[in-house]
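Engineer: Next input, structure requested:
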Amino acid sequence: MLTAEELSRFPLLAQVPRADLERLAASAPDIHLEAGEYAVHEGEERALFLVLEGELEVTRQMDGVARVVGKRTPGQYHGEVPIAMGTPFLGGARASQPTRLVRIGVRQYYALAAACPQVAEEIGRMAAERMGGLRGMAREAPVPQAVVCGHRWDTACHELRHFLARNQVAFDWVTPEEAGTSPQWRGPALRDGDFPAVCLKDGGIMVKPPPRELARRLGLQIQAKLPEYDTVIVGAGPAGLAAAVYGASEGLKTLVVEREAPGGQAGTSSRIENYLGFPNGLSGDELAMRALLQARRLGAEILVTRSIERIDPVARWIYLDGGEVLRARSVILATGVSWRRMDVEGLARLIGKGIYYGAARSEADAAQGLDIHLVGAGNSAGQAALFFANHARQVTLLVRGDSLEKGMSHYLVEQLRRKSNIAVALNCEVLGVHGTDHLSAVDIADRVAGTVRREDSAGLFVFIGADAQTGWLPPEIARDPRGYVVTGADVVKSGAWSQPRDPYLLETSVPGIFACGDVRLSPVKRVAAAVGEGSMAIAFTHQYLATAK
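Structural biologist: Next up is the predicted model:
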């Protein structure tokens, strides 16, 4: 039990009146941590932590890994910068050994400062000193995990950079012309057929690296650690990551299998303005990064660059590409959807060379100071247009219909109208594309005027809807004619349910296999809905596992 005597021996509190120390001892949490447990996580509300015993490690997330940037030992404290600046914690703090802490909340701190002004003076002095150290860290250029060398319009180079960005790997990119003089490229001179190449942080060089081998060299998880899991989640979009967070936090042995990188289709969204709790919005990759860190911290395993070739719906065997076989007590399908392809002659030849499906924030360089075009009339297209308007000289939104309001939220329509460098072309569609090694122009058909015009374009970003890619699933899992997985009452209506009990809301036609997010047959296709369904899927998984025993 915390006592005023213990607090009086703490240097910061040595001059605080005894009566105030007794009130603090009676109200402040006396926290005992085991090695590896966190006292506070990045983004949490400000507080002051006094180290009575053991040791705290101050951590910052860098390249998806919590790196130690400082330590606090008995007699020291942590939280002076958030307290002095009025900001949330910029990093976390965890115990490196059994540790005992006192947590002083904001109200308690101000009561101490009022009783003993020396406390506020000491906190201010230490905060200024820590800020000096933070400024020093900010001046140091971060060392990238990889440096990519490849041609600007090379599809393989674009896919490689996209893969690194989606997996939250910090990297630099240089063209072959820059490699000889750029300080970033520490590798040898390369021949024309050696691009794209990657120089790793440890000095290793990989020429045209396969994504899985590159992931392994970068320390990303590509193999499962266990032969059996309570739940295997297929797909690491918002629904899959939400299921991973709730599954791991509730004690389930949880594995997520992702064929490319976490984030799903939402990861290519440049801005999500209406996600609850983020008044200023956030990008799809920000959401994916936060959810990924949370899932891993809670104990979920996330495999990347892995695909599931087939599922045995009876024995729950999961067959991964590469021959690895796992057993799952339950399965959650969260594979999402894939962007629908546009049928225009010559377009496939320029994919990654100025033509893109979706629009991640990493594509901003491709639009800097140039004229670009977007195809689509949904929220994704509107958000991308607003994002690119801050980089491109002119953004033209091509819409087949006669109104934006039919498929786009009102707030987005209003924001588009206020942007002077965004033009909306209604009743228009792309008829042709032009360019040799990269896109240079698009042919646009105006269906009202009956004309076709050619406009210069350095980038064409396509948002024309998405389709479920579920052809790999076993026939026992019922789907609608478009490939969406039916669940709950829809399974009963389809006649595919054979159990004496009713299926759970998100349960497929195979008991113990659930579906959530965009891959599930549902009229609602929203990030928030996908996150909610991911958490609900875990609740139903618990119920299924309890009855399956």
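Engineer: what helix or strand does Gly240 sit in?
Structural biologist: helix 238-249 (DSSP states H and E).
Engineer: Would you mark the buried spots in the helix or strand of the chain with the lowest mean pLDDT?
Structural biologist: Counting by mean pLDDT, DSSP states H and E, the chain has its least confident helix or strand at helix 364-367, which shows a mean of 74. Going by neighbour count (16 or more other CB atoms under 10 Å), the buried part of helix 364-367 is 366-367. For every residue, glycine as well, the C-beta is placed using N, CA and C.
Engineer: still on that earlier bit, what is the subsequent helix or strand relative to the helix holding Gly240?
Structural biologist: Next along from helix 238-249, by DSSP H and E: strand 254-257.
Engineer: That following strand pairs with which strands?
Structural biologist: With DSSP bridges as the test, strand 254-257 is paired with strand 231-234 (parallel), strand 301-303 (parallel).
Engineer: So which other helices or strands are in contact with the least confident helix or strand of the chain?
Structural biologist: helix 379-388 (3 or more CB pairs under 8 Å, 6 or more residues apart in numbering; DSSP states H and E).
Engineer: how many neighbours does Asp456 have?
Structural biologist: As a burial measure, Asp456 scores 14 neighbours (other CB atoms under 10 Å).
Engineer: same check, this time on Ala224
Structural biologist: 19.
Engineer: from memory it sits against Leu255, does it?
Structural biologist: Yes - here Ala224 reaches Leu255: they are 5.8 Å apart, a contact under CB atoms under 8 Å.
Engineer: Mind listing the shared neighbours of these two?
Structural biologist: Shared contacts of Ala224 and Leu255, defined by CB atoms under 8 Å, 6 or more residues apart in numbering, comprise 301, 303, 326.
Engineer: mind showing which ranges of the stretch 251-400 of the chain have poor pLDDT?
Structural biologist: Scanning the stretch 251-400 of the chain for pLDDT under 70 picks out 267-270, 360-362.
Engineer: Tell me where it has strands.
Structural biologist: Counting by DSSP state E, counting those that start in this stretch, the stretch 251-400 of the chain has strands at residues 254-257, 301-303, 308-312, 317-320, 325-328, 331-333, 337-339, 355-357, 371-375, 394-398.
Engineer: of all those, which lies closest to Ala529?
Structural biologist: strand 337-339 (13.3 Å; CB to CB).
Engineer: ok, the residue nearest to Gln76 when sequence neighbours are not counted - contacts?
Structural biologist: Once flanking residues are discounted, Gln76 sits nearest to Val51: 5.5 Å by CB to CB, 6 or more residues apart in numbering. Counting by CB under 8 Å, 6+ apart, Val51 touches 72-78, 99-101.
Engineer: Over to Asp154?
Structural biologist: Applying CB under 8 Å, 6+ apart to Asp154 gives the contacts 195-196, 352-353.
Engineer: Among these, name the ones in helices.
Structural biologist: Per DSSP state H, helices hold no members of the contacts of Asp154.
Engineer: Output those in CSV; the columns should cover distance to Arg482.
Structural biologist: Shown next, in CSV, are those (distance: CB to CB, whole Å):
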residue, distance to Arg482
Phe195, 40
Pro196, 36
Gly352, 27
Lys353, 30
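Engineer: from memory Val519 sits against Tyr484, does it?
Structural biologist: Yes - Val519 is in contact with Tyr484 according to CB under 8 Å; the separation is 6.6 Å.
Engineer: so where's the stretch 401-549 of the chain shaky on pLDDT?
Structural biologist: For the stretch 401-549 of the chain, applying pLDDT under 70 flags the ranges 549.
Engineer: If we use 80, what do you get?
Structural biologist: Within the stretch 401-549 of the chain, the segments meeting pLDDT under 80 span 524-525, 549.
Engineer: Would you map the strands across it?
Structural biologist: Here the stretch 401-549 of the chain has its strands, by DSSP E, counting those that start in this stretch, at 422-425, 428-434, 441-446, 451-456, 459-462, 466-468, 513-515.
Engineer: Of all these, which one is nearest Glu178?
Structural biologist: Nearest of the strands of the stretch 401-549 of the chain to Glu178, taken as CB to CB: strand 459-462 at 21.5 Å.
Engineer: other SSEs contacting that closest one?
Structural biologist: Using 3+ CB pairs under 8 Å, 6+ apart, the elements in contact with strand 459-462 are strand 355-357, strand 371-375.
Engineer: Could you export those strands as CSV, including distance to Ala25 and mean neighbour count?
Structural biologist: Output for the helices and strands packed on strand 459-462, formatted as CSV (distance: least, CB to CB, whole Å; neighbours: other CB atoms under 10 Å):
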stretch, distance to Ala25, mean neighbour count
strand 355-357, 60, 23
strand 371-375, 61, 25
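Engineer: what's the closest of the ones you listed to Ala35?
Structural biologist: Checking those against Ala35 by CB to CB gives strand 355-357 as the closest, at 45.8 Å.
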